[in-house]
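1. fold the following.
(one chain, ligands or ions: 1)
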Amino acid sequence: MPDRRVLVFPSAAELGPALARLVAARAERACASDRGRFCLGLSGGSLVSMLSKEMPAVPGLDCSRWVVGFCDERVVPFDDPESTYGLYKDQLLSKINVPDSGVLAINPSLPVGECAEDYARKLSEAFPGEEIPVFDLLLLGMGPDGHTCSLFPDHPLLEETQKTVAPISDSPKPPPQRVTLTLPVVNAARCVAFVSTGGSKASVLKRVLEGGGGPVLPAGRVSPSGGELLWLLDEPAAASLTLQVERPVPGAQL
Ligand SMILES: O=C(O)[C@H](O)[C@@H](O)[C@H](O)[C@H](O)COP(=O)(O)O
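-> Down below sits the predicted model:
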């Protein structure tokens, strides 16, 4: 079991800056290590606006040695409002200095199966010598059904053990065609941080974090084998939890 921490903030307004400090601190640590770079995996949903607001506000942020990939992506053109890369490009990557060569995006003009293979190839080139790419930090969201990345409840992709990236063409949440990191890659990361806010997440969070009844939901299967697992929540999302949580003081380093 990884070292799991559940951190609860009064609201998303306090969570956002704490998340930005977490990313910046992990980046600094990774860049100072022998690896000399920081590999970050991004997800869509509310993370896009939160990171786009908070990351550029981090004083002196230097992203020149960052490699940025996507935990999942919708196979739609980059100028489609459903494109996660398209949103990050406009809202975040245009404001921070990640080199273009460090951004690992899908090729959305390919059919979904080839798109997944192409993205897997990009990852293996970006992580030479690593059978499974090891990200320093993956930022994940969780849907109200307990999905994370594009790994949905009861879907056969949850059992994928060979591929690093898998296609999905029957996503229950539109758009149907997506590519996603598989659980072996998610669970190989050095750190995984979920961000979940709002009262609509309270019941599913209780099930994912405290168990009890039914099969384990996809988000509950995230358990990085050698790393850390953080859940960053706001009070409404955490409202039903009875487990012990941390309530960081403002400005605390996570
Ligand atoms: O690809 C998608 O359909 C979304 O990105 C989705 O997976 C999202 O990340 C979660 O539903 C969490 O959403 P929130 O961050 O808005 O809670």
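
2. tell me the residues of the stretch 1-150 of the chain that contact the ligand?
-> The stretch 1-150 of the chain comes close to the ligand at residues 43, 44, 45, 46, 47, 72, 141, 142, 143, as judged by C-beta under 6 Å from any ligand atom. Where you see a C-beta, it was placed from the backbone N, CA and C, and this is true even at glycine.

3. among those residues, which are in strands?
-> Under the assignment DSSP state E, those contribute residue 72 to strands.

4. may I see the residues of the stretch 1-150 of the chain next to the ligand arranged in a markdown table, with pLDDT and neighbour count as well?
-> Compiled in a markdown table, those are given as follows (pLDDT from 0 to 100; neighbours: other C-beta atoms under 10 Å):
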| residue | pLDDT | neighbour count |
| --- | --- | --- |
| 43 | 98 | 24 |
| 44 | 98 | 20 |
| 45 | 97 | 16 |
| 46 | 97 | 15 |
| 47 | 98 | 23 |
| 72 | 98 | 25 |
| 141 | 98 | 22 |
| 142 | 98 | 25 |
| 143 | 97 | 20 |
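
5. nearest to residue 130, of the residues of the stretch 1-150 of the chain next to the ligand?
-> residue 72 (19.7 Å; C-beta to C-beta).

6. could you identify the most distant pair in the residues of the stretch 1-150 of the chain next to the ligand?
-> Farthest pair in those, by C-beta to C-beta: 46 and 72, 14.8 Å.

7. name the helix or strand for residue 167, please.
-> Using DSSP states H and E, residue 167 sits within strand 165-168.

8. packing partners of whatever helix or strand comes next after that strand?
-> Using DSSP H and E, the next helix or strand after strand 165-168 towards the C-terminus is strand 178-181. Here strand 178-181 touches strand 72-74, helix 112-126, strand 165-168, going by 3 or more C-beta pairs under 8 Å, 6 or more residues apart in numbering; DSSP states H and E.

9. can you show me the CA trace of strand 178-181 as PDB?
-> Extracted in PDB, the C-alpha atoms of strand 178-181 (Å, rounded to 0.1, in the frame of the first residue of the first chain):
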ATOM      1  CA  ARG A 178     -10.400   8.300 -26.200                       C
ATOM      2  CA  VAL A 179      -7.000   7.100 -25.300                       C
ATOM      3  CA  THR A 180      -5.900   6.500 -21.700                       C
ATOM      4  CA  LEU A 181      -3.000   5.500 -19.600                       C
END
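
10. run me through the strand neighbours of it, direction for each.
-> strand 72-74 (antiparallel), strand 165-168 (antiparallel) (DSSP bridges).

11. that strand near the ligand at all?
-> No: judged by C-beta under 6 Å from any ligand atom, strand 178-181 makes no contact with the ligand; its nearest approach is 6.9 Å.

12. now do that strand, average pLDDT.
-> Averaged over strand 178-181, pLDDT sits at 98.

13. one more: stretch 50-63?
-> Computed over stretch 50-63, the average pLDDT equals 97.

14. on that earlier part again, determine which stretch of the strands paired with strand 178-181 is the most buried.
-> strand 72-74 (a mean of 26; mean count of other C-beta atoms under 10 Å).
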